[in-house]
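Trainee: Everything below, folded, please.
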Amino acid sequence: MIPDYVNGKWDVQVKGFSPAGCYEWFKGSRPKVPWARLVWNEWLVPKHQFLGWLIAQGSLKTNDKLVLYGIDVDDRCYLYAQATEVSDHLFFECAYSKQIIHCINQKLNCHIPENNVLDWCLHKTGTKLQIGVQAAIVWGAMYHIWREKNKCRIDGVITRPNNCSYKIIEEVKARIRGRDFQHVTKAEIDWQRLKNLYVMVA
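Mentor: Numbering: from 1, shown residues only. Modelled structure (predicted):
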């Protein structure tokens with residue numbers, strides 16, 4: 001039950017009142033989004049998570065949107081100048097992005113598709129750890145693709161896809177190393193070894 005506002009004061013002496021109930025009342029009811037479990041999970045690096053949230057909502061300011069806002073920029077992709085920079089192109093269709101995914105697949109024995117990556121994530125099965133780690137890899141790739149695009153725009157240089165994929169994997173490994181492995185099963189550890197993601201935890 002929600003407290004009443006009486007005579008300029010909140011009446012908190014209401015039977016059944018709880019902070020959680022009050023929070024839910026202020027928040028209101030909102031429809032669940034399918035990408036929530038991919039973005040808001042403990043395995044993501046926080047900076048990757050924030051960018052993933054922007055991407056999932058379609059809020060990332062790609063060049064095509066900047067042009068629509070009246071900003072004088074070239075709407076072409078900085079990584080592949082023959083195409084317009086829209087979100088789908090930058091992360092799923094750009095030749096540079098595809099090379100990064102290809103390198104990750106080789107290093108981690110994965111089969112991440114070059115197209116429809118988010119759809120692939122949404123339909124992945126497995127344990128919470130497996131789904132979370134694979135989402136962390138995908139959002140990590142998108143974060144670094146976005147970072148390389150901005151670096152190319154400012155400095156005119158980009159990191160080789162193989163080196164970029166190495167950075168992504170090392171950041172995900174560091175995140176795994178920082179998690180609580182008390183309840184990780186042997187099957188999950190074997191899965192991490194298979195994907196070359198296993199890290200020794202003291």
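Trainee: contacts and neighbour counts: CA atoms only from here.
Mentor: Will do.
Trainee: how about residue 64, secondary structure?
Mentor: helix (DSSP: H, G, I helix; E, B strand; the rest coil).
Trainee: That one and residue 38: what is the separation?
Mentor: Separation of residue 64 from residue 38 (C-alpha to C-alpha, to the nearest Å) stands at 26 Å.
Trainee: more neighbours, these two?
Mentor: residue 38 (25 against 18; other C-alpha atoms under 10 Å).
Trainee: Secondary structure element holding the closest residue to that one other than its chain neighbours?
Mentor: Excluding the flanking residues, the one nearest residue 38 by C-alpha to C-alpha, 6 or more residues apart in numbering is residue 135, at 5.8 Å. Secondary-structure element containing residue 135, defined by DSSP states H and E: helix 128-155.
Trainee: same for that helix, what does it pack against?
Mentor: On a contact count with 3 or more C-alpha pairs under 8 Å, 6 or more residues apart in numbering; DSSP states H and E, helix 128-155 meets helix 36-39, helix 46-57, helix 95-108, helix 117-122, helix 161-177.
Trainee: How far away from the center of its chain is the last one?
Mentor: What it means is helix 161-177. 14 Å (C-alpha atoms, centre = their mean, to the nearest Å).
Trainee: what angle do it and helix 46-57 make?
Mentor: Here helix 161-177 runs at an angle of 110 degrees relative to helix 46-57 (axes from the mean of the first three to the mean of the last three C-alpha atoms, to 10 degrees).
Trainee: Which of the residues in helix 161-177 are classified as buried?
Mentor: Neighbour-count burial for helix 161-177, counted by 16 or more other C-alpha atoms under 10 Å, picks out 161, 164, 165, 168, 169, 171, 172, 173, 175, 176, 177.
Trainee: repeat for stretch 71-81
Mentor: Buried-residue list, stretch 71-81, by 16+ other C-alpha under 10 Å: 75, 76, 77, 78, 79, 80.
Trainee: Kindly report the same for stretch 22-38.
Mentor: Those would be 35, 38, for stretch 22-38 by 16+ other C-alpha under 10 Å.
Trainee: Now do that stretch, average pLDDT.
Mentor: For stretch 22-38, mean pLDDT rounds to 76.
Trainee: Can you give me the end-to-end span of it?
Mentor: 27 Å.
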